[in-house]
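> below are the sequence and a predicted model; questions follow.
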Amino acid sequence: MPATLPSRFAGAVGGRLARATCAAALGMGALGMGVLACTPPAFADHGGGPSAGQVAASKARVARLERKVAAAADAVSRAQQSLEAARTAAEVAVEAFDKARVQQAASVHALSQEDAAWGRPLCPHRPFLAAEAVHALRAQGAVTFADLLLRRLVHSQGPCLDDECLQRAHALFVQQRRWPADGEYAPAAAALRQEVDRLSGGLVPAAVAFDRAPR
């Protein structure tokens with residue numbers, strides 16, 4: 001047997017091997033180019049992108065967030081409406097208060113012109129005119145002596161409890177009152193002191209000492 005193959009046999013075998021090699025190369029190239037197109041559906045669902053269930057879950061989360069945002073926007077809108085209503089109510093209240101104060105000042109001024117004594121202080125220890133007490137009795141519904149000095153002539157230190165001041169205020173109270181209450185000075189003053197003592201928590205002696213201190 002010869003050491004080398006015949007030239008025709010070698011050429012045939014070499015040509016077939018070359019064609020097989022080229023086909024294999026072309027096949028690998030085609031496989032690489034078309035791997036995405038030829039990927040099975042199951043592989044694409046789990047490795048190439050979100051599944052249908054994941055898309056549905058994401059849409060549900062987005063819908064929930066949209067509902068929360070809408071609810072928050074609605075709450076903000078209601079809060080703004082409430083704020084506007086409160087602001088309007090406050091403006092109306094301030095306007096009414098200012099109007100009432102103007103009317104009260106006009107009434108007190110007229111009373112001070114009606115009687116010169118009413119234009120003087122009711123008590124040297126508090127910044128109230130006698131005319132303010134008359135106005136409270138005539139127009140503000142003060143019924144008792146305590147009503148007048150505690151709830152009409154309001155002061156941060158409470159009413160003056162000096163006996164001389166209380167007697168002068170009570171005389172004016174009896175003169176201008178519209179209801180037959182607290183006609184006697186002693187029980188009226190005692191009732192006033194008891195109420196002041198209850199409201200102040202027992203600080204009345206200190207308040208009286210302050211009222212009687214030299215000015």
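All right, it came through fine. Numbers count the residues shown, from 1 in each chain.
> measure the spatially most central residue of the chain to residue 76 for me?
In the chain, the centroid-proximal residue (CA atoms, centre = their mean) is residue 83; its distance is 8.4 Å. Going from residue 83 to residue 76 by CB to CB, to the nearest Å gives 10 Å. From N, CA and C alone the C-beta is placed, and that goes for glycine too.
> and residue 182, by the same measure?
Going from residue 182 to residue 76 by CB to CB gives 55 Å.
> now swap in residue 152 and tell me
Separation of residue 152 from residue 76 (CB to CB) stands at 44 Å.
> same question for the biggest helix by length in the chain, mean pLDDT?
For the chain, the longest helix by residue count, based on DSSP state H, is helix 52-114. For helix 52-114, mean pLDDT rounds to 92.
> what do you get for stretch 128-136?
96.
> need the nearest residue in space to residue 151, chain neighbours excluded.
Leaving aside its chain neighbours, residue 151 sits nearest to residue 142 (7.3 Å; criterion: CB to CB, 6 or more residues apart in numbering).
> show me what contacts that neighbour?
For residue 142, the contacting residues are 136, 148, 151-152, 177, by CB atoms under 8 Å, 6 or more residues apart in numbering.
> returning to that earlier point: gap between the residue nearest to the centre of the chain and residue 93?
Distance from residue 83 to residue 93, by CB to CB: 15 Å.
> domains of this protein?
What automatic domain parsing lists as the domains of the chain is 60-114, 116-212.
> out of those domains, deepest packed?
Ranked by mean neighbour count, the domains of the chain are led by domain 116-212 with a mean of 17 (mean count of other CB atoms under 10 Å).
> how far does that one sit from its chain's centre?
In terms of CA atoms, centre = their mean, to the nearest Å, the centre of domain 116-212 is set 39 Å apart from its chain centre.
> now stretch 63-82
For stretch 63-82 - counting by CA atoms, centre = their mean - the centre lies 17 Å from the chain centre.
> likewise for stretch 71-89?
Relative to the centre of its chain, stretch 71-89 is centred 10 Å away, using CA atoms, centre = their mean.
> pLDDT on the helix or strand containing residue 186, on average?
Secondary structure assigned from DSSP states H and E places residue 186 in helix 185-200. Mean per-residue pLDDT for helix 185-200: 93.
> so which residues make contact with that helix?
Applying CB under 8 Å, 6+ apart, the external contacts of helix 185-200 come out as 144-146, 149-150, 158-159, 161, 163, 166-167, 170, 173, 182, 204, 207.
> 10 Å instead?
Under the criterion CB atoms under 10 Å, 6 or more residues apart in numbering, residues 144-151, 157-159, 161, 163, 166-167, 169-171, 173-174, 181-182, 184, 203-208 lie in contact with helix 185-200.
> returning to what we had before: quick one: the residue nearest to the centre of the chain from residue 90, how far?
For residue 83 relative to residue 90 (CB to CB), the value is 10 Å.
> surely residue 126 is within a strand?
No: counting by DSSP: H, G, I helix; E, B strand; the rest coil, residue 126 is not found in a strand; it is coil.
> with adjacent residues omitted, what lies nearest to residue 117?
Closest residue to residue 117 apart from its sequence neighbours, by CB to CB, 6+ apart: residue 130 at 6.3 Å.
> contacts only, for that neighbour.
Neighbouring residues of residue 130 by CB under 10 Å, 6+ apart: 108, 111-112, 115, 117-123, 168-169, 172, 176.
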